[in-house]
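> How does the following fold in three dimensions:
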Amino acid sequence: YPYTMDHSCWTLISSDCYEHPSFAVFIKKTEKAPVGMMAFIGDQRVELTPMEQNKFQVKINDQDFDLQDNGFLFWPLDQAPVQNKVFRNFLFKIIRRQNSYVLDFFPQMMINYDGNSVQVLAGPHVKGQNCGMCG
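This is a model prediction of the structure:
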């Protein structure tokens, strides 16, 4: 359903509400698009912010990444990330298709984001333990 934000503060839309959450997803109104997105995956902070048409800022722990169309980024568990390189042991991955991003933190959740909307698909084990606007 449509939700209108009348402020520029981060709003929690989805999290697993365990004692030590494995993920949390926030949105806020931005100057250049209807919605910016920030997610915490474990201890990692991922921010996707629309900058201008067809241009997004992708930041992970304050480090900028320039994901081009059809580009991807795996966040490996034991080494530095490299764009467009597949790793076997990874915490999460981000995939860009045109102006849409998928943040995949399997099996906990998946986020679809395009600057206009955010969709969080939580895994079945989160049932009854989801909080935020969607929980």
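> Asp104: what's it in contact with?
Going by C-beta atoms under 8 Å, 6 or more residues apart in numbering, Asp104 touches 92-95, 110. Heads up, the C-betas are built off the backbone N, CA and C, glycines and all.
> Run the chain-centre distance for the helix or strand bottoming out on mean pLDDT in the chain.
Lowest on mean pLDDT, DSSP states H and E among the helices and strands of the chain sits strand 130-131, with a mean of 76. Its chain's C-alpha centre and that of strand 130-131 lie 16 Å apart, by C-alpha atoms, centre = their mean, to the nearest Å.
> which helices and strands does that strand pack with?
strand 11-16 (3 or more C-beta pairs under 8 Å, 6 or more residues apart in numbering; DSSP states H and E).
> What lies in contact with the strand it packs on?
By C-beta under 8 Å, 6+ apart, strand 11-16 touches 5, 21-28, 108-109, 118, 120, 122, 126, 129-135.
> try it again with 6 Å
21-22, 24-27, 120, 126, 129, 131-134 (C-beta atoms under 6 Å, 6 or more residues apart in numbering).
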